[in-house]
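K.L.:
mind looking at a prediction? Sequence and model below.
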Amino acid sequence: MNAMDPLQALRQREQELLTTLEATGGGRWAWDLRNHQLSFYGDFYCPYGLLELPHRQRTAYWRSLQHPDDVAITTEQLRPVLSGKTKRYEVEFRVRNSAGCWRWVLVRGRTTAQEGDGRALRIVGVIVDITERRATEEALRASEAKYNTIFHALPNPAGITRMADGVFLEVNPAFCDLLGLTREAVVGRTSQELRIWASADESSNLMQVYQREGKVNKLPMLAQRRDGGLVHGLMSAYPVPIADEECFVFVFHDITREQRIYNELQASNSLLQQAGRLARLGVWEDLPGRGPVYWSDVCYEIHGLPPGSPLPRDYVQRHVAPAWHDTFRNALRQCIRQRVEWNVEIEIVRADGRLVWMRALGEPVVEHGRVVRIRGVMQDIDASKRAQAQVREREALLSLTLAAASLGRWDWDLQTGLIQGDVCWLAMRGFHADDQDASGPVPWQHCALAEDIPKIAREIDHHTRHSVTHFDATWRIPQHGGGVRWIRNLGKTVAHDAMGTPTRMLGVSMDVTHQHEHQEQLHRLAHHDSLTGLPNRVLLARCLAQAMEQARTLGTLLGVAYLDLDGFKPVNDEHGHEAGDHLLVVAANRLTRSLRATDCVARLGGDEFVILLPGLHSYTDCEQTLRHVMEGLAAPYSLGNESVTVTASIGYTLYPQDDADADTLLRHADQAMYHAKRAGRNRFFQFDAASEREAQQVLAHTALLHLALTQNQFELYLQPKVDMRLGTVIGAEALVRWNHPDKGLLFPGSFLPQMHGTALESIFGAWVVDTALDMVMVLHNRGLVVPISVNIAAPHLQQANFADWLAQRMACHPQLPRGSLRIEITETAALYNLEPVAHTLLRLRDMGVSTALDDFGTGYSSLTYLRRLPLETIKIDQSFVRGMQDDAGDLAIVQGVIGLARSFDYRVIAEGVETVAQGSMLLQMGCDLAQGYCIARPMPLEDFVHWMEHWQAPLPWQQATAALSS
């Protein structure tokens, strides 16, 4: 092969270069600036129609093909090349081809020749079509813009992390907002550094899922805000290569709200399920024609089946009691046909064969006008149904009991004041059941006399403010046909409003008219002298207390006078008791007429009277009245055919000049009366200091008694208490005796009165209690259970800590049998302090110490005490027992006390039974318990033990018991 001509070789290389350039889709150009000629080479220019033009037209034509918007940039890029500042030239612009389409081209050139000053003389270069590349780049830029827009606008937190080290490369605003961080604080750091996850387990679990599955799809994770708040979310992450690095693109879907709602729903569902279990409420679903298709666990439990057991298709036959088949089927049939809810209570047969009550409720589920299923609940109501049956039985029994006891029931609406009662209650108001006027509730004020209403209102107010106590009030109810009845009403609050105010009271009424009349009779007997009708000692005590209070309040004087008739005993001895009684009645009438309406005169017994003169201003006022009294008494008395004359000796004192207590005032007046007697009778005498000296003698005697107590000169004797009907010993009363060193054995009447009202009274009472407890333990150790009763004085009992004191005394004997110590009190012990004494006696009863009311009938003898004091026993005073065989008044009192005790369910003991005949008479009246000399005198402890071993009830008592039993 011949060597190629250099020029030919150059042309060949040029052609190869052009071919290579054309293979890339490009062309070549050359610009001769000196000759202003632009040359174009290659097929690249064919689509533009450039090569078809003459050479001289091609430069202008090529420039006309350029896009107007690109001319400025091509000129700007060409200027430094032309000036020689740079030799390289590169620019991209658009040209229009022959088809009228704009194409992007890349033009690169280089200066190949320059003038001396550096300006370009020749530039050559290439041109390449870059339309596809520009389209790709444009698409990429659009995609990036779209990604940035979506990425930053995405509502869910999102970001990119480098897989190698977990560093955040990018995060969106939602991510920053969720965690409370800025983008600058996040990018370039790891989740561990930022403590994004609630625990290290969260991130390790994420990597485990990715390594196992190659991606993460909705993985539950718990993030942590900067402020410590927790965020529940679902994490999705996918691997992507970015700049030759493996990265994670992640999206975190915040489900905190959904999680909270889910938790609340779960809690609510749990509560509903628990409520269903607690209420024994089961859910069920039934398909018409197929039977049950769903039961909750409670449904299975109600039927005695294990949860999950096959549902009974023949439910009615298997589990509905035969008597209820039709009821249940009719309810289902009506539900399907009429599309209504239903509710039945039926008996079902459990799997173990037991019958139980069940309530079933159902409703139809209607789709396209047809009942497609029935759903509902069932509840075990067996316990409530059986409880209702028991309530009905008890109601019936209560009605029978109330009817048998003649008790009327009532229902009182405390808000409206309306009250309604049963037939028996209506009968107490004088109505018949069919009376039209008796129908419906009535205002409670219609059921009481007008004068009783304020008292009832106070009792209602007290009960509503202390509703733990029972309502207990007695008042008069006007009768429909005229007259009144005394009715006792017992009630209890059973309902309250939201503020705790009682709104409803239920109770019973009993007709106590007979008891009230009996009480009035007893009150009369207890408060008035049976012969003269004047107040007795008890009523005098009340009147004296009231008069003293009035004197203190008004600043006036109260005259207290003690009057004794001179010469009454000879008249009584000569003319007999009837004449003497007549004289006393006439004298009482004269006394009453001689005094003002505000004055009071009382008979103490025999021919002794006490006069109270309130509202005085000086002693002359008192003496003027007393003179008038003496003149009236001194007038002759007609006794049959004879006329007699008696006078009066009077002693008086003025309160509060004589600032003493009530008993002392009477004692001072009595002392002054004896001075009047000694001064010649038929005169009055005012209490003075000489009388007080007598009181000093009493103090000296009290000191002597205290010495006797410290020297153990006192001894307790025991007097037995027996059941005459059974012939058994039921207890003993401890009675004190004084072994006087000079006078021998002394009885209580000779020394106890001197203790009254002194500090020694309580000290002596403590000795009595301790000695009695020792006696109880001695008897207990010998195998004898004999309750011992001790008398407690009023001041001792009225001490605020008496119950605590007695409890301490009893605690010293831990083996003491319960109920072996009892106390006896007189009515005066509670006369002025009823409520505190009642509270003390309640505490004693809780300790096993019962209480007997001693000498009943001689004092106040009020039903108030019997109703409000927690007593066990009433003791009839011996004075009435001794006189009941001869005196109709004493007999009436004994019978009344026995009846009263029976009404209040108290035991009754007769004191002073001195003859077998008295005991037999008491047995016939229903009094079985007694004590007295007929049974045994008080005796020392050892004699008492010996007596118990040999005592038997007298034969007449045994015969009387047998006769009563037959």
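P.N.:
Arrived safely, thanks for sending.
K.L.:
and G228, how many neighbours?
P.N.:
G228 has 8 neighbours, counted by other CB atoms under 10 Å. Glycine gets a C-beta too; all of them are placed from N, C-alpha and C.
K.L.:
wait, a helix at it?
P.N.:
No: secondary structure of G228 (DSSP: H, G, I helix; E, B strand; the rest coil): coil, not part of a helix.
K.L.:
quick check: phi and psi at it.
P.N.:
phi 90, psi -10 (degrees, to the nearest 10).
K.L.:
let's see the pLDDT reported for it.
P.N.:
In this model, G228 is scored at 81, pLDDT.
K.L.:
let me see the contact set for it.
P.N.:
G228 sits next to no residue when contact means CB atoms under 8 Å, 6 or more residues apart in numbering.
K.L.:
and it, how far is that from W102?
P.N.:
Distance of G228 to W102, given as CB to CB, to the nearest Å: 60 Å.
K.L.:
distance from the chain centre to stretch 96-106, please.
P.N.:
In terms of CA atoms, centre = their mean, to the nearest Å, the centre of stretch 96-106 is set 96 Å apart from its chain centre.
K.L.:
and it, what's buried?
P.N.:
Neighbour-count burial for stretch 96-106 flags 97, 103-106 (criterion: 16 or more other CB atoms under 10 Å).
K.L.:
go on, stretch 631-651?
P.N.:
For stretch 631-651, the neighbour count (16+ other CB under 10 Å) marks 632-633, 637, 639, 644, 646-651 as buried.
K.L.:
three-state assignment of R476?
P.N.:
Look at R476: counting by three-state DSSP, its state is strand.
K.L.:
assign the most centrally placed residue in the chain to helix, strand or coil.
P.N.:
In the chain, the centroid-proximal residue (CA atoms, centre = their mean) is G500; its distance is 9.6 Å. Judged by three-state DSSP, the three-state class of G500 is coil.
K.L.:
so who does it touch?
P.N.:
Listed by CB under 8 Å, 6+ apart, the contact set of G500 is empty.
K.L.:
domains of this structure?
P.N.:
12-135, 154-260, 280-385, 405-511, 519-687, 713-965 (automatic domain parsing).
K.L.:
on that earlier part again, closest to D566 among the buried residues of stretch 96-106?
P.N.:
D566 has its nearest neighbour among those in W104, at 159.3 Å by CB to CB.
K.L.:
what sits closest to Q719 if chain neighbours are left out?
P.N.:
Ranked by CB to CB, 6 or more residues apart in numbering and with sequence neighbours excluded, the top spatial neighbour of Q719 is P938, at 4.1 Å.
K.L.:
so how many other residues sit close to the one you found?
P.N.:
Count around P938 with other CB under 10 Å applied: 21.
K.L.:
can you report phi and psi for it?
P.N.:
phi -60, psi 140.
K.L.:
Y210 - how many residues pack around it?
P.N.:
17.
K.L.:
tell me which helix or strand it sits in.
P.N.:
In this assignment (DSSP states H and E), Y210 forms part of helix 200-213.
K.L.:
what is the least confident helix or strand in the protein?
P.N.:
Lowest by mean pLDDT, DSSP states H and E among the helices and strands of the chain is helix 6-23, with a mean of 61.
K.L.:
mind checking what helix or strand follows that one in sequence?
P.N.:
Next along from helix 6-23, by DSSP H and E: strand 26-32.
K.L.:
could you list the buried residues of that next one?
P.N.:
By 16+ other CB under 10 Å, the buried positions in strand 26-32 come out as 26-29, 31.
K.L.:
for stretch 521-538, same thing?
P.N.:
Within stretch 521-538, the residues that count as buried by 16+ other CB under 10 Å are 522-523, 525-529, 532, 534-538.
K.L.:
ditto for stretch 169-180
P.N.:
With the criterion 16+ other CB under 10 Å, stretch 169-180 contains buried residues 169-176, 178-179.
K.L.:
which strands and helices sit next to whichever helix or strand R485 is part of?
P.N.:
In this structure, R485 is located in strand 484-496 according to DSSP H and E. Here strand 484-496 touches strand 407-413, helix 453-465, strand 471-478, strand 502-511, helix 513-527, going by 3 or more CB pairs under 8 Å, 6 or more residues apart in numbering; DSSP states H and E.
K.L.:
among those, single out whichever gets nearest to G233.
P.N.:
Judging the helices and strands packed on strand 484-496 by CB to CB, what sits closest to G233 is strand 502-511, at 55.3 Å.
K.L.:
packing partners of the closest one?
P.N.:
Packing partners of strand 502-511 (3+ CB pairs under 8 Å, 6+ apart): strand 407-413, helix 423-428, helix 453-465, strand 484-496.
K.L.:
out of these, which is closest to T625?
P.N.:
Proximity to T625 (CB to CB) singles out helix 453-465 among the helices and strands packed on strand 502-511, at 35.8 Å.
K.L.:
so which bits of the closest one are buried?
P.N.:
Quick answer for helix 453-465 (16+ other CB under 10 Å): 456, 459-460, 463-464.
K.L.:
ditto for stretch 608-615
P.N.:
609-615.
K.L.:
same check, this time on stretch 504-512
P.N.:
Buried residues in stretch 504-512, counting neighbours by 16+ other CB under 10 Å, are found at 505, 507-512.
K.L.:
for it, report the contacting residues that lie outside it.
P.N.:
402, 405-414, 421, 425, 428, 463, 471, 474, 485-495.
K.L.:
now, of those residues, which are buried?
P.N.:
By neighbour count, with 16+ other CB under 10 Å, these hold 402, 407-412, 414, 421, 425, 428, 463, 471, 474, 485-489, 491, 493 as buried.
K.L.:
need the contact list for L821.
P.N.:
769, 772-773, 776, 787-788, 790, 810, 848-849.
K.L.:
beta partners for it?
P.N.:
For L821, the beta-bridge partners are I788 (DSSP bridges).
K.L.:
where do the strands of the stretch 201-350 of the chain begin and end?
P.N.:
216-224, 230-242, 245-254, 281-287, 291-295, 342-349 (DSSP state E, counting those that start in this stretch).
K.L.:
now swap in the stretch 501-650 of the chain and tell me
P.N.:
502-511, 557-566, 600-605, 608-616, 637-639, 642-644, 647-655.
K.L.:
how far off centre is the fourth one?
P.N.:
Here strand 608-616 is found 56 Å from its chain centre; the criterion is CA atoms, centre = their mean.
K.L.:
contacts for it, please.
P.N.:
534, 540, 543-544, 547, 550-551, 554, 556-564, 588, 591, 595, 598-604, 621-622, 625-626, 629, 650, 654, 666, 669.
K.L.:
next: the fifth one.
P.N.:
Defining contact as CB under 8 Å, 6+ apart, one finds that strand 637-639 is touched by 571, 575, 579, 582-583, 586-587, 643-646.
K.L.:
same thing but 10 Å
P.N.:
571, 574-576, 578-580, 582-583, 586-587, 590, 643-646 (CB atoms under 10 Å, 6 or more residues apart in numbering).
K.L.:
lowest pLDDT pick from these?
P.N.:
Least confident entry in the contacts of strand 637-639, by pLDDT: E574, with 82.
K.L.:
one step back: identify those among the buried residues of stretch 96-106 that sit within strands.
P.N.:
Among the buried residues of stretch 96-106, the members found in strands (DSSP state E) are 103-106.
K.L.:
from those residues, which is closest to V216?
P.N.:
Nearest member of these to V216, counting by CB to CB, is W104, at 42.3 Å.
K.L.:
I'd assumed R96 was in contact with the closest one.
P.N.:
No: counting by CB atoms under 10 Å, W104 sits too far from R96 to count as a contact (11.4 Å).
K.L.:
what touches both of these two?
P.N.:
Shared contacts of W104 and R96, defined by CB under 10 Å, 6+ apart, are found at H67.
K.L.:
how about stretch 33-46: buried residues?
P.N.:
33, 38, 40-42, 44-45.
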